[in-house]
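> Compute the structure for the input listed below.
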Amino acid sequence: MTKNVCLLMFVLAVTGAAQADSLNCRLVGTYDTPAGFPIDVAVADSLVYIAAADGGLRIVSLADPQSPLGIGVFVGPATTMGVAVKDSIAYVAGHGDGVYLVNVADPQNPQQVGQCGTPGVAARVAVKDTLLYVADRNAGLRIISVRDPASPYEVGYCVTPDIHNDVAVADTIACVASVLENLLLAINVADPARPSLAGSCAMPRNAEGITVSGSYAYVAAGDLLIIDVSDPQNPHEVGRYVTPDFAADVRVAGQIAYVADGYSGLRVIDVSNPQQPEELGFYDTPGWANGIDLAGDYVCVTEDPLGLYVFQFYGAGLEEREKSEVRRVKDGATIVRGVLFLPEARGEKREARGELLDVSGRKVLDLKPGANDVSALAPGVYFLLCEARAQEQAVGKVVITE
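A predicted model of the protein is given here:
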């Protein structure tokens, strides 16, 4: 069997029509916050931390992603607006009370270890090294030392005539999303005691969520905006993807952006070409998706009013390169319901053959040319390994659904 045949071997008929999803986005599990409504989310290891307004900080285990389990809660005196986690400390944006530092080493029994007031309304936080960056609404960007979690203190601030709603930090630049003048602000934080505005870039609508990857800031501002911040004095838009509803938050892994898009739920965007971002997949949730973070192969989306949705995205397929090296491509995995077809080998004396492996690499099925019944296998991600040429192999991703 030739290499090309191996890589194009997945041909099947899919019955039924996708309604709420694009088939390569699978809803894995949900968690209903018992109090408050979710605003922000952060993931550390296999734990999800949900800022749930009056419901406080909810800690959810993803040990079984199909059944997320609430295991801990911290409720402070103020509304919980945002959260970031680093080294067993959860940094909680506490609205008018500034920020709380919560020890989550024992996630079933989170304990406050410190608190630092801010002059405005703490909306979102980002932590880097021993510094905490706070988007403090009309009080600007506040920088707080958290070297000693029990005694946090402010070391510097930068106030602009705007409302600071979210912050992400890369190197010596803090990128701030603003909602009054609809700007992305690039703030130089090389000297934390004297941060200063370096430059700004206009947004089409309220800049709600932001993340930074490489030389680009990805801003959820109604649409997904891709901003080149390599020159902080001249941040400028290089690409835009118009989402169906209102992009409220974004995270990036590799060349894929994951967007919480209001009433249109999860949108998955290929940003390998920043000038021409393209949608790869979606899952339309019933409520308002407003926060997003990544947990390995899982995408965690907070949604008002439900709580937490856990997804898997299968759109980054696999393809063979020279020397059997595997790389990701945007063409996507094959979605299988019941039967997987393996075509006959062409131009070869031997028959085509392959093996279906689970995610641990264990063989679960030998495949033959033609129809292969996979209905007895559990839904999930599998990999098809087939012989291409002498001493070569091709790998493809298969998603088996119910």
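> hang on, Phe282 packs against Leu27?
No - when contacts are counted by Cβ atoms under 8 Å, Phe282 is not listed as touching Leu27 (11.7 Å). C-beta coordinates here come from the backbone N, C-alpha and C atoms, glycine included.
> When these two are compared, which one has more neighbours?
The residue with more neighbours, out of Phe282 and Leu27, is Phe282; 23 against 17, by other Cβ atoms under 10 Å.
> just checking, what packs against the helix or strand where the more buried one lies?
Phe282 belongs to strand 278-283 when assigned by DSSP states H and E. Judged by 3 or more Cβ pairs under 8 Å, 6 or more residues apart in numbering; DSSP states H and E, strand 278-283 is in contact with strand 25-32, strand 266-270, strand 307-313.
> run the last query once more with 10 Å
In this structure, strand 278-283 makes packing contacts with strand 25-32, strand 256-260, strand 266-270, strand 307-313, judged by 3 or more Cβ pairs under 10 Å, 6 or more residues apart in numbering; DSSP states H and E.
> Which of the helices or strands spans Leu225?
Assigned by DSSP H and E, Leu225 belongs to strand 223-228.
> how about the very next helix or strand once past that strand: buried residues?
Sequence order places strand 236-241 as the next helix or strand after strand 223-228, per DSSP H and E. Under the neighbour-count criterion of 16 or more other Cβ atoms under 10 Å, strand 236-241 has Glu237, Gly239, Arg240, Tyr241 buried.
> Partner strands of the one helix or strand Val364 maps to and their direction?
For Val364, the host element (DSSP H and E) is strand 363-367. Strand 363-367 sits in its sheet next to strand 354-357 (antiparallel), going by DSSP bridges.
> ok so, going back, mind giving me CSV with the helices and strands packed on strand 278-283 and columns for mean pLDDT and distance to Pro232?
Shown next, in CSV, are the helices and strands packed on strand 278-283 (pLDDT from 0 to 100; distance: least, Cβ to Cβ, whole Å):
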stretch, mean pLDDT, distance to Pro232
strand 25-32, 90, 35
strand 256-260, 96, 21
strand 266-270, 95, 24
strand 307-313, 92, 32
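> for those, which one ends up most surrounded?
strand 256-260 (a mean of 28; mean count of other Cβ atoms under 10 Å).
> in its sheet, what does that strand sit against?
When DSSP bridges is applied, strand 256-260 pairs with strand 249-253 (antiparallel), strand 266-270 (antiparallel).
> that older thread, and the direction of the strand holding Leu225 versus that of strand 266-270, what angle?
Interaxial angle, strand 223-228 versus strand 266-270 (axes from the mean of the first three to the mean of the last three Cα atoms, to 10 degrees): 40 degrees.
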